[in-house]
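J.: coords please:
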Amino acid sequence: MKLELSAQDVARIAERVKQIVGGQAGGGGGAAVANLSPAQLARMIDHTILKPEATQDDVKKLCEEALKHNFFSCCVNSSWVRYAAQILRGSSVKVCAVVGFPLGAAPPEIKALEARRAIREGAREIDMVINVGLVKSGDWDAVTRDIRAVAEACIDGRALLKVILETCLLTKDEIAKACEASMRARADYVKTSTGFNKGGATAEDIALMARTVKPKRLGVKASGGVRTYADAMLMIRNGATRIGSSNSVKMMEEAAAATGGK
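T.: Just a heads-up that it's a prediction; the model follows:
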């Protein structure tokens, strides 16, 4: 039997190999985390600005900071993708766009349309918000269809997909089942939070997510309340492979102080 891989499959495999070799695979901890340098940490960070009042100057500053510190990506609202992509063109810093943000309540077709437009304008990663109401209703087929609509847009556009679960609104069982739906829908990562609700990432939730997605080797993104170097390292030790933060520059200053810049 001949195994045929699409270009998107190859890209996904390459991304996961880089994470595994770099000691970033789900389940974190151990020597790889203990020896994480500031430069390695920077390549795990999505430098983020999602507040509704963010201006063009704010987005420009975000991108300039990301270039200076070599963060993995800049995470912005979809209306800022084209502008951010222009600033970051030719660099290793990717553009990440949020979709269905922050409520996740739009129909799947609308989320997919927003994702496709963001990808056309330069986004290489999409962070979509799950439909929390469908999760709380226990309609897992509908939850999977919602994610799959955006996953297909990402596959077509060769972008990676992260699914924001909004864990503070979910039970532990719902978190696990939402991770399973994300795996069925062919997402690349699961992510804790939008940062717009009452709670953010917790070490307990990250560990649960990492255990649940381990069979498919999805990444795990900790976001929401991750503001310090200590916060980031706690999340990574519990299985986070990506960190989302608007306080990334301060985090890097703390990392340099803690490690002597090595």
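J.: how close does residue 114 sit to residue 150?
T.: 9 Å (C-beta to C-beta, to the nearest Å). C-beta: built from backbone N, CA, C; applies to glycine.
J.: If you could redo that for residue 41, that was the one I meant.
T.: Counting by C-beta to C-beta - residue 41 and residue 150 are separated by 28 Å.
J.: More neighbours: which of the two?
T.: A direct count of neighbours by other C-beta atoms under 10 Å for residue 41 and residue 150 places residue 150 higher, at 28 against 23.
J.: Kindly list the main-chain dihedrals of the more buried one?
T.: phi -80, psi -40 (degrees, to the nearest 10).
J.: Surely it is in contact with residue 97?
T.: No: at 11.1 Å, residue 150 and residue 97 do not qualify as touching, with contact defined as C-beta atoms under 8 Å.
J.: which neighbours do the two share?
T.: Common neighbours of residue 150 and residue 97 (criterion: C-beta atoms under 8 Å, 6 or more residues apart in numbering): 115, 126.
J.: re the thing from before, now do the shared contacts for residue 114 and residue 150.
T.: Residues within reach of residue 114 and of residue 150 at once, by C-beta under 8 Å, 6+ apart, are 99, 100.
J.: which SS state does residue 91 fall under?
T.: Per DSSP: H, G, I helix; E, B strand; the rest coil, the secondary structure class of residue 91 is coil.
J.: what about it, how many residues close to it?
T.: By other C-beta under 10 Å, 11 other residues sit near residue 91.
J.: where does the residue lying closest to it once chain neighbours are set aside land in three-state SS?
T.: Nearest in space to residue 91, with sequence neighbours left out and distances taken as C-beta to C-beta, 6 or more residues apart in numbering, is residue 67 at 5.8 Å. On the three-state scheme (three-state DSSP), residue 67 is labelled helix.
J.: how close does residue 67 sit to residue 183?
T.: Applying C-beta to C-beta, the value for residue 67 to residue 183 is 34 Å.
J.: Could you check which of those two is surrounded by more residues?
T.: residue 183 (19 against 16).
J.: List the residues that contact residue 216.
T.: Residue 216 touches residue 183, counting by C-beta under 8 Å, 6+ apart.
J.: roughly how far apart are it and residue 186?
T.: Distance of residue 216 to residue 186, given as C-beta to C-beta: 9 Å.
J.: With residue 88 instead?
T.: Distance, residue 88 to residue 186, using C-beta to C-beta: 26 Å.
J.: Please, where are all the helices along the stretch 1-150 of the chain?
T.: Remark: helices assigned in the stretch 1-150 of the chain by DSSP state H, counting those that start in this stretch are 7-21, 30-34, 38-42, 56-69, 81-88, 108-120, 132-137, 140-157.
J.: Sweet, I'm off.
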